[in-house]
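Chemist: here is my input, please return the structure:
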Amino acid sequence: MKYLSNVINESLRIATAKTIFFREARNTININGYTIPKGWKFLSFSWNYHMDPRTYVRPKEFNPSRWDDLKTKPASFLPFGVGPKMCPGANLARLEVSVILHYFLLNYRVEQVNPESKIEPPRNCLVKFKKI
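Modeler: Numbers count the residues shown, from 1 in each chain. Down below sits the predicted model:
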């Protein structure tokens, strides 16, 4: 179950469904020479956090084992948001994905449609499923 959890975390890191977060500055803050006044609304993209090489070594590589000993900074993993606007169904979604993957892996075999082709780009690999 630990490795399955790692696979789910890594999948959520690379392919987050919620990619944009709207926030409001609670205080005036200076970021890289730019002043953001208190009360201003701004966008934050989770992709920037999930692909930060300071947190995730080789961030574009799918590596579930990175989660074995990973120590992340607060708010560096945001598949369901963060804070008071975090998705209330986050734990249920994780449970559902775990159950579905468990059942799926026990009962189906996954094969590439064209075994000769490379899995490039990584999000476009055609596969077929065969019931075991």
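Chemist: how about residue 28, what does it touch?
Modeler: Applying Cβ atoms under 8 Å, 6 or more residues apart in numbering to residue 28 gives the contacts 35, 36, 37, 38. The way it works is simple: take the backbone N, C-alpha and C, and place the C-beta from them, glycine included.
Chemist: which other residues reach the helix or strand of the chain with the lowest mean pLDDT?
Modeler: Least confident element among the helices and strands of the chain, by mean pLDDT, DSSP states H and E: strand 20-24 (a mean of 83). Contact with strand 20-24 is made by 39, 40, 41, 42, 43, 44, 45, 46, 78, 81, 82, 85, as judged by Cβ under 8 Å, 6+ apart.
Chemist: try 6 Å
Modeler: 41, 42, 43, 44 (Cβ atoms under 6 Å, 6 or more residues apart in numbering).
Chemist: ok, residue 71 - how many residues close by?
Modeler: 6 (other Cβ atoms under 10 Å).
Chemist: give me the element it is part of.
Modeler: Using DSSP states H and E, residue 71 is not contained in any helix or strand.
Chemist: residue 105 now?
Modeler: Residue-wise, residue 105 maps onto helix 90-107 under DSSP H and E.
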